[in-house]
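S.K.: I need the structure of the sequence given here:
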Amino acid sequence: MAIPNVPDICYHRLEQERGGESVQNRSDHNRQKKIAVINDFCGFGRCSITAALPVISAMHVQCCPLPTAVFSDHTGFESFYRVDLTEHMAPYSAQWEKLSLQFDGIATGYLGSARQIDLVKDFLTRFKTEKTKVLIDPVMGDYGRLYPSFTQELAGRMHELLSHADLLTPNLTEACILAGISYREDFSATELEALCERLSENGPSSIVVSGIHLGEELGNFVWSDGKAELLTTKRVGPCRSGTGDVFSAILAADMVNGVELMRSVQKAASFISKTMAYTLALGIPETDGICFEEFLWELGKPEREAIL
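M.R.: Now for the predicted structure:
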């Protein structure tokens, strides 16, 4: 039975992308593209799920959060309140199994314990199918150092998620940790390519090493199936919380929408630069993240125009 007020092209496209399987023959819960986002939830500071949810939604994909913890505000503030949800993650995702949910994408972010890494591995085993794209953002540290809440042991366990990844999005520090090499800021393009090839041996076919500092520019090194390119954009202001979450959310939504990776990285970098400039103009504190709300409509514009 046809569903009113929804263009037929949307359903035709969905059938094509899912192997010609009739939408009407699927569970009602799986008629729209979905990404499961496994990360913490931060009430203030525009990071983690709080940043990913509106970005993914604006790009015409349903965002289904699986929170690992709830924070009043993120750890960059002088104080914060935190509720650990580790013991709730398994029964939470078990309910998704009862609903027979199927995900076009799965994206992981900050994981605060070895137990959470085990739970994510189990989730990927249960929910990843041949058609599911997985983005692993191995949030561990920056500027050559682990975050204070992250231990060397936990960093070693993060390596176990690589075999599940289609797309890996570390910053340079995290890429070095995962590859087991010393961090430095002056990697050449050839060395970055070798670094990505080393990481790809563990699973991911595509890797984006983000936030490479190049003087007045920021670089994102994109490696996909043996092809590599360094994409640069003008650096705008100091680093802010949540920029990596916005970046990976754009890549995750584009990934399930079939957007080519180089184009997706360029889109994400341009979006963040524009919102950073706007945030600076407003005089927003660095802890408060980037003011992306005014620009979310731009992320959905290409897909909307394609439908119309």
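S.K.: how close does residue 231 sit to residue 182?
M.R.: 25 Å (C-beta to C-beta, to the nearest Å). C-betas here are computed from N, CA, C, even on glycine.
S.K.: strands along the chain, start to end?
M.R.: Under the criterion DSSP state E, strands of the chain are mapped to 34-42, 62-71, 82-84, 105-108, 133-136, 141-142, 145-146, 167-168, 206-214, 217-224, 227-234.
S.K.: by mean pLDDT, which helix or strand of this structure comes out lowest?
M.R.: Ranking every helix and strand in the chain by mean pLDDT, DSSP states H and E puts helix 8-17 at the bottom, with a mean of 47.
S.K.: what's around residue 71, how many residues?
M.R.: Per other C-beta atoms under 10 Å, the neighbour tally for residue 71 reads 21.
S.K.: who does it bridge with?
M.R.: Counting by DSSP bridges, residue 71 is bridged to residue 42, residue 82.
S.K.: residue 49 is in contact with that one, correct?
M.R.: No: Residue 71 is not in contact with residue 49 according to C-beta atoms under 8 Å; the separation is 10.2 Å.
S.K.: any common contacting residues for the two?
M.R.: Shared contacts of residue 71 and residue 49 (C-beta atoms under 8 Å, 6 or more residues apart in numbering): 40-42.
S.K.: neighbour-wise, which of residue 231 and residue 182 wins?
M.R.: The neighbour count for residue 231 versus residue 182, taken as other C-beta under 10 Å, is higher for residue 231 (16 against 7).
S.K.: that one is in contact with residue 223, isn't it?
M.R.: No: under the criterion of C-beta under 8 Å, residue 231 makes no contact with residue 223, lying 11.4 Å away.
S.K.: show me the helices in the protein, by range?
M.R.: Taking DSSP state H as the test, the helices found in the chain are 8-17, 49-58, 86-98, 114-127, 152-158, 172-179, 189-200, 243-256, 261-282, 296-307.
S.K.: quick one: contacts of the second one?
M.R.: What that stands for is helix 49-58. Residues contacting helix 49-58 (C-beta under 8 Å, 6+ apart): 35, 37, 39-43, 62-63, 65, 67, 107, 109, 242, 245-246, 248-250, 252-253, 289, 292-293, 296-297, 299-300.
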